[in-house]
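In: need a structure here:
(one chain, ligands or ions: 1)
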Amino acid sequence: MAEGGMCVRKLIDGTALGYSIEGRGPALVLLHGFPLNRAMWEPQVAALRDRFTVITPDLIGFGESDPPSDPDKMTMDTFAGAVVRLLDTLGHDRIILGGFSMGGYVLFRVVAQAAARIGALVIADSRAGADSDEARQRRMATIARIREQGPDAFLTEFTAGLVGASTKATRPGVLESIRRLVGTPPVPTLTGALAAMAARPDSRPLLAKIAVPTLVLVGEEDTITPPDAAKEMASGIRGARLVTIPAAGHAANIEAPQAFNAALLDFVTRL
Ligand code: MLT
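Out: Residues are numbered from 1 along each chain as shown. This is a model prediction of the structure:
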């Protein structure tokens with residue numbers, strides 16, 4: 001897997017945010033998931049950069065962005081606010097916005113903060129609802145585990161859940177490359193993001209207010225944000241298109257880049 005393009009860093013509210021900007025054309029911003037970074041979008045950047053200005057930020061703490069100064073205060077709105085201010089700095093007032101998984105949770109907060117700037121949405125392997133009580137408790141247990149044992153065992157276990165059964169059986173190298181891509185983010189980054197995901201609001205009330213073209217993508221074998229969650233989300237957004245990626249799990253954009261890119265390009269080139 002490549003390095004995710006040349007990284008630029010900009011100071012946003014006192015925190016340096018890393019991002020890549022590649023290509024020419026309408027601005028398309030892609031938000032990565034947990035515990036990944038902007039390099040996860042490399043297969044999509046390669047497919048889009050001939051026609052779009054593709055901006056891939058590292059969310060606060062991930063990739064080449066600074067860790068959060070106060071991890072206990074991190075929220076999805078903090079991540080989203082930094083993205084909105086990055087766009088202000090870059091001078092992009094109308095964008096196509098995409099988010100994968102946690103990046104989708106952040107995407108909903110960008111919609112809440114800056115709906116007028118968004119021309120279209122791409123929501124991949126994510127969900128609109130908040131965590132269940134059990135999911136919240138699991139996140140808190142994970143935070144305690146990371147603080148006690150360090151992050152590496154957790155990251156290796158968690159990464160294994162990102163890919164589907166087909167990828168595990170037939171393309172083991174994909175999991176290894178995702179594990180390398182994840183690296184070892186700083187502990188405050190991981191605990192801050194886990195706490196922020198646990199506390200995130202229910203974004204389902206936003207769905208009916210979305211009035212821009214929307215593509216929802218999901219890996220057929222996604223067990224973290226399964227196809228049912230994608231279906232529910234797509235059915236709440238007027239006119240949304242739902243595409244299921246065969247033989248792919250949660251990390252569908254990396255596991256099955258051809259099918260994922262075909263659906264993505266078909267959508268964004270017809271806007
Ligand atoms: C992600 O892929 O961003 C996370 O797995 C999402 C989550 O844990 O809810």
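In: all helices of the stretch 1-150 of the chain, in order?
Out: Ranges of helices in the stretch 1-150 of the chain, per DSSP state H, counting those that start in this stretch, are 42-48, 76-90, 102-114, 133-149.
In: and the stretch 151-271 of the chain, by the same measure?
Out: Per DSSP H, counting those that start in this stretch, the stretch 151-271 of the chain carries helices over the ranges 152-160, 165-170, 172-182, 187-198, 204-207, 227-236, 252-255, 257-268.
In: minimum distance to Thr78: which of the ones you listed has it?
Out: helix 187-198 (7.1 Å; CB to CB). (Each C-beta comes from the backbone N, C-alpha and C, glycine too.)
In: and the angle for that closest one with helix 133-149?
Out: Counting by axes from the mean of the first three to the mean of the last three CA atoms, to 10 degrees, helix 187-198 lies at 170 degrees to helix 133-149.
In: can I get the CA coordinates of helix 187-198 in CSV?
Out: This file holds the C-alpha atoms of helix 187-198, laid out as CSV (Å, rounded to 0.1, in the frame of the first residue of the first chain):
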residue,chain,number,x,y,z
VAL,A,187,-2.6,6.1,23.0
PRO,A,188,-4.4,9.5,23.5
THR,A,189,-5.5,9.4,19.9
LEU,A,190,-7.0,5.9,20.3
THR,A,191,-8.6,6.5,23.6
GLY,A,192,-9.9,9.9,22.5
ALA,A,193,-11.5,8.5,19.4
LEU,A,194,-13.0,5.5,21.2
ALA,A,195,-14.5,7.8,23.8
ALA,A,196,-15.8,10.1,21.0
MET,A,197,-17.4,7.2,19.1
ALA,A,198,-19.0,6.0,22.4
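In: thinking again about what came up before, out of the helices of the stretch 1-150 of the chain, flag the one nearest Glu232.
Out: With CB to CB, the closest approach to Glu232 among the helices of the stretch 1-150 of the chain belongs to helix 102-114: 13.2 Å.
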